[in-house]
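Novice: Show me the folded form of this:
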Amino acid sequence: MENIPRLFQAFVSPAIFVSAAALLVLSINVRLMGMVSRLREFHREHYEAATAGRVAEAKTLADQITSIEGRAGLIRRAFLFTLFCLAGTVVACLFLGMGLYWNYAQVFAAIAISVAILSLLIGTFYYIAEVLVALSSVREEADFFRLPETKESGGGKPETEEPEEGWQEQKG
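Specialist: So this is what the prediction gives:
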């Protein structure tokens, strides 16, 4: 009975890492789901372009799909390592609690929390790597969206767009 307060203290220390890892998992999951949604859309557009014979557009979409799949792979690794951290901190909490009654459990707790923090560090590095390449995908996507403009008007603004002053002159 006298060890119960120490038991709760032992659980609270690594629980801070549980909160931190859970927030990071949430952030990574949102990013991953955004990529998955975008990939689905690009796959559909790629299929439509390929079946319609729009070769340049299909190739551009295939390149974009490859780029986003690479980024999604980095995010998936970040997600997994952060989940390993989350699991490791829970295991460390359990071993710390058991360590009050079995001394060897404290050693296992120290190993578990060390592995968990290492997993968090690796996951964070994968997340950083994805963030560093994220803008390249945005640039590639911007090139993709300029593709139809190039066909319609030779590279500038689309021919259907008129400057605001011209619209006001025609109206007035």
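Novice: State the distance from L100 to Q106.
Specialist: Applying CB to CB, to the nearest Å, the value for L100 to Q106 is 9 Å. Just so you know, the C-beta spots here come from the backbone N, C-alpha and C atoms, and that holds for glycine as well.
Novice: shaky segments in this structure?
Specialist: 1-4, 6-13, 137, 140-141, 143-172 (pLDDT under 70).
Novice: how about the helices of it, start to end?
Specialist: Remark: helices assigned in the chain by DSSP state H are 4-51, 55-99, 104-153, 164-171.
Novice: so how far is the first residue of stretch 45-59 from its last?
Specialist: End-to-end distance for stretch 45-59: 11 Å, by CA to CA, to the nearest Å.
Novice: Check which residues of it are buried.
Specialist: Neighbour counts using 16 or more other CB atoms under 10 Å place 45-46, 49, 54, 57-58 of stretch 45-59 among the buried residues.
Novice: Dump these into CSV; add distance to F79 as well.
Specialist: Below are the buried residues of stretch 45-59 laid out as CSV (distance: CB to CB, whole Å):
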residue, distance to F79
E45, 26
H46, 25
A49, 31
R54, 35
E57, 32
A58, 30
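Novice: circling back to that earlier point, highest mean neighbour count out of the helices of the chain?
Specialist: Highest mean neighbour count among the helices of the chain (mean count of other CB atoms under 10 Å): helix 55-99, with a mean of 19.
Novice: roughly how far apart are A112 and E57?
Specialist: The spacing between A112 and E57, counted by CB to CB, is 51 Å.
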